[in-house]
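Q: Below is the structure, and that's it, no one-letter string:
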């Protein structure tokens, strides 16, 4: 979906990913569904607002609820997939170090 968008829309969506990640990192790392969607909507609005050329995108996000829902789904789907990937990746790497070892084995 992202590669089909116009360059300015791609920039806004990519910046919305960053804004959403920041909200997850600094505000609430484990939000419920509604809070995560709020973070995503806020990220989209902040990203569109930060680019002067994205004035039309910002207005459409504010005025068209269906458009906002579609863009929110695009951004939140990517963010949730990334979080799931990072979680699974961290489990795979942590499992190597979670086995018990004797002191003599560790000191070698």
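A: Now that the structure is in, tell me what you want to look at. Keep in mind that this is a model prediction, so the values were computed, not measured. Numbering: from 1, shown residues only.
Q: Work out for me the element residue 16 sits within.
A: Using DSSP states H and E, residue 16 sits in helix 7-26.
Q: right, and residue 17 touches residue 74 too?
A: No - using Cβ atoms under 8 Å, residue 17 is not in contact with residue 74; the gap is 9.8 Å. In short, each C-beta sits where N, CA and C put it, glycine included.
Q: could you pull out the helices for the chain?
A: For the chain, the helices defined by DSSP state H occupy 7-26, 33-50, 55-63, 65-97, 103-107.
Q: Using TSV, lay out the ones you listed together with mean pLDDT and mean neighbour count.
A: Compiled in TSV, the helices of the chain are given as follows (pLDDT from 0 to 100; neighbours: other Cβ atoms under 10 Å):
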stretch	mean pLDDT	mean neighbour count
helix 7-26	89	17
helix 33-50	91	18
helix 55-63	94	15
helix 65-97	69	13
helix 103-107	55	7
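Q: which residues touch the nearest residue to residue 43 once chain neighbours are set aside?
A: With sequence-adjacent residues excluded and distances taken as Cβ to Cβ, 6 or more residues apart in numbering, residue 43 is closest to residue 19, at 3.3 Å. By Cβ atoms under 8 Å, 6 or more residues apart in numbering, residue 19 lies in contact with 42, 43, 44, 46, 47.
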